[in-house]
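**Student:** Got a predicted structure plus its sequence, pasted below:
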Amino acid sequence: MKPFKFFLQITTATVLFLTCLFAQAQDIKVVYHVNSDINTASAVLGNVRNHLNADPTVKISLVTHGPGIDFLLEGAKDNKGREFSGMVADLAGKGVQFRVCNNTLTTRNIDPSKVSMEAKIVPSGVAEVARLQAKEGYVYLKP
Amino acid sequence: MKPFKFFLQITTATVLFLTCLFAQAQDIKVVYHVNSDINTASAVLGNVRNHLNADPTVKISLVTHGPGIDFLLEGAKDNKGREFSGMVADLAGKGVQFRVCNNTLTTRNIDPSKVSMEAKIVPSGVAEVARLQAKEGYVYLKP
Amino acid sequence: MKPFKFFLQITTATVLFLTCLFAQAQDIKVVYHVNSDINTASAVLGNVRNHLNADPTVKISLVTHGPGIDFLLEGAKDNKGREFSGMVADLAGKGVQFRVCNNTLTTRNIDPSKVSMEAKIVPSGVAEVARLQAKEGYVYLKP
């Protein structure tokens, strides 16, 4: 029994140590909370691109609601007349996730089929922003 | 002694396991940081209502300072002329907490008696937003 | 061996207990995320001062990018014509850290020598905001 007990203790200590190490080594996960209007969307997507360049392993999820969803709607264009879809597809290809609030779609009477194929619809934008932080280890950033 | 030691080890492992489980199962707590003016207050309270609908167990605390306190002052009305007090009382009845920054009251020379009875006055709004996150396990959301 | 094992178990339990205690007793660290323009800078610095008054042990780091860096540039003045440098030096003397985004300097063609001596340049403002939260135990506040 004695070697077994010793093994147990060493295991416990190792688990604790590795847990700490793991927390340090883990890739960073960030939720970008976006509810500002389409005029700020280019700057937001620029921030995301800069973030990925600075930290290529970062996992970014953009959760949008209210006016924040507009750049993810069919045919949305920036103020230079360029469609957002290209940039969104490019970032999605790099692992960025896009979330659109279903409460916003309902309130504003927007057909879900108008939402970019790169985006996933979630029941509530604010609840998703909170859940990602409280349950999935994301940190918060409001661009 | 041997069974006792074994019991201790099992207990330690169980405590660790339950701590992890508990963190996962715990209700989500969210601080809404509100310092935008009264024109945005209806949207903010709408977000809170949607949040509660999507996650009925969520615990929400609205910490207000600067222009963010205005909807919690006596007689405050939205831009359709409706008093905020009804909505505030309704949300308070559902467990939402309202906090008003005393620094703001002092700077703006507002008598504390003008503050909604549903709200509690805290010494500093920003310090409260930080404290709830660092010491009480709240996650952050700026509506 | 028996006393040694018992010692090990007591140590493990103590470490766990102290870790919890330490987390509670630790000073609060807050990242202020600043990307709003110079007209809001006086209010932001006022928030920081109020925060320090309410919690003198708080550690505050202001991470600036986009228009948020402007109050940290040479000769920047508030809308009453006072230079920001005095207030910045005063807060820096109280331990507040100032960070400026290098991506912003590059995009806006600003010479790094124009940045306040109190501020440190970081490769990416958004990546720094995320890193401080995920790796250094900071909580978030957007003033």
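**Tutor:** That came through fine.
**Student:** Checking my notes, A:Asn79 in a strand, right?
**Tutor:** No - counting by DSSP: H, G, I helix; E, B strand; the rest coil, A:Asn79 is not part of a strand but coil.
**Student:** so how far is A:Lys80 from the closest residue to it other than its chain neighbours?
**Tutor:** Excluding the flanking residues, the one nearest A:Asn79 by Cβ to Cβ, 6 or more residues apart in numbering or on different chains is A:Asn39, at 6.5 Å. C-betas here are computed from N, CA, C, even on glycine. Noted for A:Asn39: a distance of 12 Å to A:Lys80, by Cβ to Cβ, to the nearest Å.
**Student:** The two: which has the busier surroundings?
**Tutor:** Shown here are A:Asn39 and A:Lys80; by other Cβ atoms under 10 Å in any protein chain shown, A:Asn39 has more neighbours (12 against 6).
**Student:** before we move on, what SS does the one residue sitting closest to the centre of chain A have?
**Tutor:** Most central in chain A under Cα atoms, centre = their mean is A:Ser61, positioned 0.9 Å from the mean C-alpha point. Secondary structure for A:Ser61, judged by three-state DSSP, is strand.
**Student:** For it, give me its contacts.
**Tutor:** Listed by Cβ atoms under 8 Å, 6 or more residues apart in numbering or on different chains, the contact set of A:Ser61 reads A:29-32, A:96-99, A:132, A:138.
**Student:** now with 6 Å?
**Tutor:** Residues near A:Ser61 by Cβ atoms under 6 Å, 6 or more residues apart in numbering or on different chains: A:31, A:97.
**Student:** likewise A:Lys135?
**Tutor:** Contact analysis of A:Lys135 by Cβ under 6 Å, 6+ apart lists nothing.
**Student:** and the gap between it and chain C?
**Tutor:** 16 Å (Cβ to the nearest Cβ, to the nearest Å).
**Student:** need the strands for chain A, in chain order.
**Tutor:** With strands called from DSSP state E, chain A shows them at A:29-34, A:59-64, A:97-101, A:119-122, A:139-141.
**Student:** TSV please, covering those and showing mean pLDDT and distance to C:Gly75.
**Tutor:** Formatted as TSV, those follow (pLDDT from 0 to 100; distance: least, Cβ to Cβ, whole Å):
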stretch	mean pLDDT	distance to C:Gly75
strand A:29-34	98	33
strand A:59-64	98	36
strand A:97-101	98	41
strand A:119-122	98	44
strand A:139-141	98	30
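**Student:** any idea which of those strands is most buried?
**Tutor:** Scoring these by mean neighbour count under mean count of other Cβ atoms under 10 Å in any protein chain shown gives strand A:29-34 as the most buried, with a mean of 26.
**Student:** tell me what that one is packed against?
**Tutor:** Under the contact definition 3 or more Cβ pairs under 6 Å, 6 or more residues apart in numbering or on different chains; DSSP states H and E, strand A:29-34 sits against strand A:59-64, helix A:125-136, strand A:139-141.
**Student:** which strands and helices sit next to the shortest one?
**Tutor:** The elements that strand A:139-141 packs onto, with contact taken as 3+ Cβ pairs under 6 Å, 6+ apart, are strand A:29-34, helix C:125-136.
**Student:** what do you get if the cut-off is 10 Å, keeping everything else the same?
**Tutor:** Helices and strands touching strand A:139-141, by 3 or more Cβ pairs under 10 Å, 6 or more residues apart in numbering or on different chains; DSSP states H and E, are strand A:29-34, helix A:41-54, helix A:125-136, strand B:139-141, strand C:29-34, helix C:125-136, strand C:139-141.
**Student:** A:Gly75 - nearest residue in space that isn't next to it in sequence?
**Tutor:** Per Cβ to Cβ, 6+ apart, closest to A:Gly75 is A:Glu83, 6.8 Å.
**Student:** Mind pulling up the pLDDT for the one you found?
**Tutor:** A:Glu83 is assigned 96 on the pLDDT scale.
**Student:** same thing with A:Leu18?
**Tutor:** A:Leu18 is assigned a predicted lDDT (pLDDT) of 71.
**Student:** and the nearest residue to A:Asn103 once chain neighbours are set aside, how many neighbours does it have?
**Tutor:** Nearest in space to A:Asn103, with sequence neighbours left out and distances taken as Cβ to Cβ, 6+ apart, is B:Asn50 at 4.9 Å. For B:Asn50, the neighbour count with other Cβ under 10 Å is 22.
**Student:** B:Asn50 and B:Leu132: what is the separation?
**Tutor:** B:Asn50 is 21 Å from B:Leu132, by Cβ to Cβ.
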